[in-house]
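*Asks:* pasting the sequence and the predicted model now:
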Amino acid sequence: MNKENPKQCGAIAIIGKPNTGKSTLMNAILGAKLSIVSPKPQTTRKNVLGIYTENNVQIVFLDTPGVLKPRYELHKSMMGYVKNSVAESDAIMVLIDATNAKKSSEFLTPEFMELLKGCGLPIFCVFNKVDALKNRRDVLPLIISYQEMGIFKEFFAISALENKYVDDMMKTIATYIPEGDFLHDAEDLSTLPQRFFVSEIIREVIFHEFEQEIPYSAEVLIQEFKEREHGKWYIAADIIVERDTQKAIIIGKKGEKIKTVGQKAREAAEEHLGMPVFLEIFVKVRNDWRDSKSHLAGLGY
């Protein structure tokens, strides 16, 4: 190890309310699309691990599900990911939507504040979406009010969508990362398997193609993932829904809707994998899977 410029390595959990831009921010930091993004809340359901390596610094980011009040067993599982991430990290990044700070800070309840205070870690407050403000300086009153909470080490005002001020933020955050050897190769962006990312890609298409309850009632399970030296990779996926009526909506009249989902998901999967893909998608019903511990366990929650 170079004593004058020692390596630093640590983990940072990105937490916040749904739709504050956590996934967009991690993608901006990494310069690659790992987390799926949609305008709808609750898009992220499981932690997405992204590895940032720059010079002598390596940071493992955990893009966590949006903090919400659980209505289903699924939500309880999602909130479990958030709490575990806080326990496993070296620092915490709290993301606030600068255009609606009051609503996006509702998760900072007395109970959650105690969790943050008790973790003993550096906590950063990141005001996102400043591109939507008339002036970036409009964030200053927010910073003053959040300073009164007494838990934040640093404050940042950024635009994850436009990747503005993110590099400057990273330079400051790097100063808080502990010394230590890298845990991953410098070229690695994640340790999650490709089948995870393909399932997320299919879910992202569902979030963009359907309205109302369908995106929230749907889950994707990869049944087969065959990498081939020659020819197309073969991927078979199940879209899990809760009702027969939902299955009919996803399939669509004469199968047109599922055909569209399959085509868009295949194209996105090929772009992500850098390989031609033959993708088969099946739609299956598991009644009330969001509220079933056994179904959730089978889906990896």
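*Replies:* Sure thing, it's come through.
*Asks:* who are the packing partners of the helix or strand harbouring Ser294?
*Replies:* Counting by DSSP states H and E, the element that carries Ser294 is helix 293-298. Contacts defined by 3 or more Cβ pairs under 8 Å, 6 or more residues apart in numbering; DSSP states H and E place helix 293-298 against helix 73-88. C-beta: built from backbone N, CA, C; applies to glycine.
*Asks:* just checking, what packs against the helix it packs on?
*Replies:* In terms of contacts (3+ Cβ pairs under 8 Å, 6+ apart), helix 73-88 is packed against strand 8-16, helix 110-119, helix 293-298.
*Asks:* OK, contacts around the closest residue to Lys40 other than its chain neighbours?
*Replies:* Spatial nearest neighbour of Lys40, excluding adjacent residues (Cβ to Cβ, 6 or more residues apart in numbering): Phe207 at 5.4 Å. Applying Cβ atoms under 8 Å, 6 or more residues apart in numbering to Phe207 gives the contacts Ile36, Ser38, Lys40, Thr43, Pro215.
*Asks:* how about a cut-off of 7 Å?
*Replies:* Contacts for Phe207 (Cβ atoms under 7 Å, 6 or more residues apart in numbering) come out as Ser38, Lys40, Thr43, Pro215.
*Asks:* and the longest helix for the protein?
*Replies:* For the chain, the helix reaching the highest residue count under DSSP state H is reported as helix 256-273.
*Asks:* quick check: bridge partners of Phe282?
*Replies:* Taking DSSP bridges as the rule, Phe282 bridges to Asp238.
*Asks:* quick check: it touching Asp238?
*Replies:* Yes - counting by Cβ atoms under 7 Å, Phe282 does reach Asp238; the two are 5.2 Å apart.
*Asks:* need the pLDDT of the residue nearest to Lys40.
*Replies:* For Phe207, the pLDDT comes out at 95.
*Asks:* for the record, mean pLDDT for stretch 290-301?
*Replies:* For stretch 290-301, the mean pLDDT works out to 93.
*Asks:* okay, how far is it across that stretch, tip to tip?
*Replies:* 10 Å (Cα to Cα, to the nearest Å).
*Asks:* kindly report the same for stretch 20-35.
*Replies:* Stretch 20-35 has an end-to-end distance of 14 Å (criterion: Cα to Cα).
*Asks:* how about that stretch: buried residues?
*Replies:* 20-30, 33-35 (16 or more other Cβ atoms under 10 Å).
*Asks:* among those residues, name the ones in helices.
*Replies:* Per DSSP H, helices hold the following members of the buried residues of stretch 20-35: Lys22, Ser23, Thr24, Leu25, Met26, Asn27, Ala28, Ile29, Leu30.
*Asks:* how about those residues in TSV, adding distance to Ile201?
*Replies:* Shown next, in TSV, are these (distance: Cβ to Cβ, whole Å):
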residue	distance to Ile201
Lys22	18
Ser23	13
Thr24	16
Leu25	19
Met26	16
Asn27	13
Ala28	19
Ile29	20
Leu30	16
